[in-house]
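In: structure for the following, please:
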Amino acid sequence: VGATRTPAAPLGVAAVTTFGSAPAVQIGSSTRDITIGNVGATADTAFGFVTQGAMAANGVYDNVDTVALVVGGAGKAVNLNGGINNLSTTSGQQAIAFEANATAMSIRSGASMGEIRNGGTISSLISTATASDQSRAIDIQAGAKVDTITNTGSIIAASSGLTGVTRAITDASGTVSKINNTGAIVASISPPTGVTGTVTGTLIAIDASANTTGLAVTSSQSAVKDSAAPAIVGDIYFGSGADSLTVSAGTVVGAMNFGAGADALTISGDTTAVTGAVRDDGTGGLSIAVNSGKLSVSNAEVIQGSSLTLGAKSALIVSADPLTASKDSKNAIAVTHIQVADANIAGGAQVGLTLQNLVTETTKLTVISASNSMTLGGPLGTTVLENAPFLYKVTSSADTAAREVYLTVARRTTVELGFNAAQAAAYDAVFSALTKDKGIQGAILAQTSQAGLSSLYNQLLPSQGEGVFSALDASMAVVGRMIDERPDVEQ
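Out: The predicted structure is shown next:
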């Protein structure tokens, strides 16, 4: 779909648009099998279906499901040989629905292809107030077969509202073995202008939970000059096979859910940042290697794995939630605790902390433990500790004999905080009040510098400064005298 360009005779860009529930383009038959040979033999044309123009489906009215491209699902087989290559950098493949489901690309039962390659945009958008409505960019259904997904462009599933389910890539067929990303794979939910409230929807970047043979997901920097860093935003669900997530550039934001099997999470690149919950099925088959870059783990719970490697330029940030009861005998509060058989930690590797709530007393946390061996190449780095909430002093330590790494959290004194007399006088009272206000507590914990904390702290004090405390003292003295001096009722 679209125009084929040649240097001698450039053509315009075609567009196929449908309004309503009918697909913009549908390939399938209920009476006979369909095989479509490759368009050409070049890197861009060795596919059965190549798009350079726009393909769009718009529901227009409420409660109308939309789909831009459908392959298969009519009863007979559809073979696209090399697969699908979307080269459209204009509107691309897009589906829009209102209070309904939108699917940009639907690969259904009976369809088979080697690869889905996207160098442009594949996007779905819903506007909804219904939690069950789904926005699906690429939806591979059970009974279909796709070997590889390669993304150098943008695959986006979005919802305008506070709810809904957004799915950038879903593979219910269990046949995708590789997802290679140098672009953006994004699931998002954003309130429209003027709408306030809490987002309660579900964001899924990749759902491969049906896979039983193993999926390798890689996110790396494009070789094209001046390309943006890659990104994966939304939760990732793996199946029961031997799965891997390898991130060598850019960002990953979302929960990483590994199933059974010998799984691997590998991070490299000095500026690479991976943030989210890390979960395994509990059998301890997960290998975690942060060779360089940062892994920020948001779930304050035990994570069982086979091995942990931290390189000299790596940072592992764990999370603690003092208000959640600990299920870990090593810790008094809930905290990320990575339990592995073997740990290899290079000198200079850093272990830091994010607090979800206030710690009320000095606490020593066990955050890494190895049942078999622990190698420590030198002292742990401390730079990320400086980015802990400034209200606390956080220190890291290791005991190779016990094969454990610790973080100790202690509330700073007023001297360490650099408080003046008025600030210091109110310190204990303000700290006690913070435990009762989640919003202000979060703002305080977000301050990682003395200046930032002091500025916010001052806003919690009476605007009169020391004068209000002097007035309070004087008032209490008057009350005291009134109590001590009994009136003479005979006068």
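
In: where does the protein dip in pLDDT?
Out: The chain contains residues with pLDDT under 70 at 1-12, 282, 463-491.

In: in it, which strand is the longest?
Out: Secondary structure of the chain per DSSP state E: the longest strand is strand 307-325.

In: name the helices or strands packed onto it?
Out: strand 286-297, strand 333-335, strand 337-345, strand 350-355, strand 363-376 (3 or more Cβ pairs under 8 Å, 6 or more residues apart in numbering; DSSP states H and E). To be clear about C-beta, it is placed using only N, CA and C from the backbone, and glycine gets the same treatment.

In: could these go into JSON lines alongside distance to T128?
Out: JSON lines is the format used below for the helices and strands packed on strand 307-325 (distance: least, Cβ to Cβ, whole Å):
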{"stretch": "strand 286-297", "distance to T128": "31"}
{"stretch": "strand 333-335", "distance to T128": "34"}
{"stretch": "strand 337-345", "distance to T128": "38"}
{"stretch": "strand 350-355", "distance to T128": "32"}
{"stretch": "strand 363-376", "distance to T128": "40"}
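
In: save these as JSON lines, and put in distance to G72 and mean neighbour count too.
Out: Listed next are these as JSON lines, based on distance: least, Cβ to Cβ, whole Å; neighbours: other Cβ atoms under 10 Å:
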{"stretch": "strand 286-297", "distance to G72": "35", "mean neighbour count": "21"}
{"stretch": "strand 333-335", "distance to G72": "46", "mean neighbour count": "24"}
{"stretch": "strand 337-345", "distance to G72": "43", "mean neighbour count": "21"}
{"stretch": "strand 350-355", "distance to G72": "45", "mean neighbour count": "23"}
{"stretch": "strand 363-376", "distance to G72": "48", "mean neighbour count": "18"}
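
In: D171: which of those is closest?
Out: When the helices and strands packed on strand 307-325 are compared by Cβ to Cβ, strand 286-297 sits nearest D171, at 20.7 Å.

In: now do the very next helix or strand once past the closest one: distance to the chain's middle.
Out: Following strand 286-297 in sequence order, the next helix or strand is strand 302-304 (DSSP states H and E). Relative to its chain's centre, strand 302-304 lies at 19 Å (Cα atoms, centre = their mean, to the nearest Å).

In: same thing with stretch 211-231?
Out: The answer for stretch 211-231 is 15 Å, by Cα atoms, centre = their mean.

In: what comes into contact with that stretch?
Out: Residues outside stretch 211-231 that contact it (Cβ atoms under 8 Å, 6 or more residues apart in numbering) are 152, 171, 174-186, 206, 208, 232, 236, 238-253, 261, 269, 271.

In: which of those residues are buried?
Out: Buried subset of the contacts of stretch 211-231 (neighbour count, 16 or more other Cβ atoms under 10 Å): 152, 171, 174-177, 179-186, 206, 208, 232, 236, 238-253, 261, 269.

In: what about the residue lying closest to T89 once chain neighbours are set aside, how many residues close to it?
Out: Excluding the flanking residues, the one nearest T89 by Cβ to Cβ, 6 or more residues apart in numbering is G120, at 4.6 Å. Residues near G120, counting by other Cβ atoms under 10 Å, number 24.

In: pretty sure G120 is touching Q94, no?
Out: No: in terms of Cβ atoms under 8 Å, G120 does not count as a neighbour of Q94; the distance is 10.4 Å.

In: list the beta-bridge partners for S112.
Out: N79, K145 (DSSP bridges).

In: and if you look at the one 10 residues further on?
Out: Counting by DSSP bridges, I122 forms beta bridges with Q93, I155.

In: and it, how far from G153?
Out: 8 Å (Cβ to Cβ, to the nearest Å).

In: all helices of the protein, in order?
Out: 414-417, 421-425, 427-434, 438-445, 450-459, 466-484 (DSSP state H).

In: buried stuff in the second one?
Out: Right, the one you point to is helix 421-425. A422, Q423.

In: what packs against it?
Out: Using 3+ Cβ pairs under 8 Å, 6+ apart: helix 421-425 touches helix 414-417, helix 450-459, helix 466-484.

In: the second one to helix 427-434, inter-axis angle?
Out: Spelled out, it's helix 450-459. If you take axes from the mean of the first three to the mean of the last three Cα atoms, to 10 degrees, helix 450-459 sits at 80 degrees to helix 427-434.

In: which elements pack onto helix 450-459?
Out: Against helix 450-459 (3+ Cβ pairs under 8 Å, 6+ apart) you get helix 414-417, helix 421-425, helix 438-445.
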